[in-house]
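Engineer: have a look at this prediction, sequence included:
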Amino acid sequence: MKKIIPALISLLILVGCGNGGDSKAEESFISGSGAVTFIDSADRISAPEISGMTLLGTNYSFSVGKVAVVNVWASWCSPCRAEEPALSALALMYPDVAFIGILTRDNPVNAEAFVRKRNIPYPTLIDDSILIGFRKSLPANAIPSTVLIDKKGNVAARISGAVTVASLKELIEKVSLE
């Protein structure tokens with residue numbers, strides 16, 4: 001009996017130290033509620049420069065002058081996977097709007113496979129340091145987060161959490177009409 005108790009304690013300690021195979025990114029994942037925030041045009045500030053290498057190995061640079069939808073996502077994130085069909089459909093519905101993905105806290109190989117399998121029609125940048133530039137306006141503090149940039153290059157709105165066709169379409173049209 002005296003030998004069993006130390007063995008059980010050791011086993012419990014080892015089991016307690018395991019993380020069950022989850023990644024650190026998944027453990028610290030914050031899910032948004034779907035809340036929509038819109039900023040009046042007089043109160044907006046400039047969005048950061050959005051450029052860099054894409055998942056598919058090309059260089060991309062967003063040019064101010066048209067509305068942009070910037071979606072922050074990861075391939076392991078279930079709300080991100082669930083919202084992707086809406087984003088792709090809206091990207092095709094609004095060809096004059098720049099749709100841009102920003103991969104965060106993910107393995108680029110897994111994300112590239114996801115993009116290719118789903119045939120996502122817009123670029124995804126692999127430099128999530130771009131997100132730091134949103135910290136003074138509407139930070140992308142949940143995964144997924146979607147930020148809209150107006151034609152002047154200012155941060156206009158954010159959806160914290162998964163988008164729906166209705167919520168994003170309404171914001172795109174509102175910002176496009178300005």
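Structural biologist: Received it, and whenever you're ready, just let me know what you need. In this text the structure is predicted, and so the values were computed from the model without any measurement. Numbering: from 1, shown residues only.
Engineer: which residue ranges form the strands in this structure?
Structural biologist: Ranges of strands in the chain, per DSSP state E, are 35-38, 51-53, 59-61, 68-73, 98-103, 124-125, 145-149, 155-160.
Engineer: can I get those in TSV with distance to residue 170?
Structural biologist: Backbone N, C-alpha and C define where each C-beta goes, glycine included. Formatted as TSV, these follow (distance: least, CB to CB, whole Å):
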stretch	distance to residue 170
strand 35-38	8
strand 51-53	28
strand 59-61	27
strand 68-73	12
strand 98-103	16
strand 124-125	24
strand 145-149	11
strand 155-160	10
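Engineer: retrieve the pLDDT associated with residue 136.
Structural biologist: pLDDT recorded at residue 136 is 76.
Engineer: relative to residue 48, how far out is it?
Structural biologist: Computed with CB to CB, to the nearest Å, the distance linking residue 136 and residue 48 is 10 Å.
Engineer: these two: which is more packed in?
Structural biologist: residue 48 (19 against 11; other CB atoms under 10 Å).
Engineer: correct me if wrong: the more buried one contacts residue 137.
Structural biologist: No. Here residue 48 does not reach residue 137: they are 9.1 Å apart, not a contact under CB atoms under 8 Å.
Engineer: what's the burial count for the nearest residue to residue 96 once chain neighbours are set aside?
Structural biologist: Using CB to CB, 6 or more residues apart in numbering and skipping the chain neighbours, the partner closest in space to residue 96 is residue 66 (6.1 Å). Other residues near residue 66 come to 15 when the count uses other CB under 10 Å.
Engineer: same question, residue 176
Structural biologist: By the criterion of other CB under 10 Å, residue 176 has 15 neighbours.
Engineer: and if you look at residue 41?
Structural biologist: Neighbours around residue 41, by other CB under 10 Å: 12.
Engineer: leaving out the residues flanking it, which one is nearest to it?
Structural biologist: The shortest distance from residue 41 to any residue other than its chain neighbours is 6.1 Å, reached at residue 178 (CB to CB, 6+ apart).
Engineer: also residue 115?
Structural biologist: residue 55 (5.5 Å).
Engineer: coming back round to it: was I right to think the residue nearest to residue 96 contacts residue 97?
Structural biologist: Yes. Between residue 66 and residue 97 there is a contact under CB under 8 Å: 6.6 Å.
Engineer: what is the end-to-end distance of stretch 58-70?
Structural biologist: 18 Å (CA to CA, to the nearest Å).
Engineer: how far does that stretch sit from the chain's center?
Structural biologist: Here stretch 58-70 is found 15 Å from its chain centre; the criterion is CA atoms, centre = their mean, to the nearest Å.
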